[in-house]
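A.B. asks: no letters, just coordinates:
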């Protein structure tokens, strides 16, 4: 979806699948649009049919859920009986993609306190500078996103939401823009994507 050579993308995805010890046909991707919708992957779901959502949830074992990012937060949520992969960017954060995903857990009888969260590399609060109107919009809704010099700290904002619900979390504390080992849309413009992957 970012214009890479299709054969190279498929080869990279096969390498990823090999590292997880699962067939590539077991990997579910999404067409991410910076929204709040969540797709539930069940026994009837087909990985060839890619949903236009920003979160995937499943209780199905033997498959992998994937979120692709290049500055946004790859949020991986797991309980003993379900997992989710969530794409959390600025728009998704304020639109409530995290809260919508938690509601799906709850609807399947899983309380927030049973969930653990992993936050992968994303742009940090020293690098994500935005204009005044955008800064005001986001920080008014989620005060913990406030950083210095008109920057937003999306990870701090997300952590504040996790903490409110009593969800245990951990973070890689890596900035995609600072660290040249990661893809960064803000740094490079045309770039690849990291993959956040989770399975039961």
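C.D. replies: Cool, the structure landed. Predicted model only: the values in this text are computed from it and were never measured.

A.B. asks: where does pLDDT dip in the chain?
C.D. replies: 1-3 (pLDDT under 70).

A.B. asks: helices of that one, start to end?
C.D. replies: 6-20, 90-95, 97-107, 132-141, 154-164, 185-188 (DSSP state H).

A.B. asks: look up the residues forming beta bridges with the residue nearest to residue 118 when sequence neighbours are not counted.
C.D. replies: Excluding the flanking residues, the one nearest residue 118 by CB to CB, 6 or more residues apart in numbering is residue 76, at 4.4 Å. Every residue, glycine included, has its C-beta placed from N, CA and C. Judged by DSSP bridges, the bridge partners of residue 76 are residue 85, residue 118.

A.B. asks: make JSON lines out of the helices of the chain and add distance to residue 194 and mean neighbour count.
C.D. replies: Converted to JSON lines, those look like this (distance: least, CB to CB, whole Å; neighbours: other CB atoms under 10 Å):
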{"stretch": "helix 6-20", "distance to residue 194": "11", "mean neighbour count": "12"}
{"stretch": "helix 90-95", "distance to residue 194": "16", "mean neighbour count": "20"}
{"stretch": "helix 97-107", "distance to residue 194": "18", "mean neighbour count": "19"}
{"stretch": "helix 132-141", "distance to residue 194": "23", "mean neighbour count": "14"}
{"stretch": "helix 154-164", "distance to residue 194": "15", "mean neighbour count": "20"}
{"stretch": "helix 185-188", "distance to residue 194": "11", "mean neighbour count": "16"}
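
A.B. asks: number of nearby residues for residue 74?
C.D. replies: By other CB atoms under 10 Å, the residues close to residue 74 number 24.

A.B. asks: quick one, what contacts the nearest residue to it once chain neighbours are set aside?
C.D. replies: Closest residue in space to residue 74, ignoring its immediate chain neighbours: residue 196 at 2.9 Å, by CB to CB, 6+ apart. Taking CB atoms under 8 Å, 6 or more residues apart in numbering, we find residue 196 in contact with 66, 67, 68, 69, 74, 75, 76, 85, 120.
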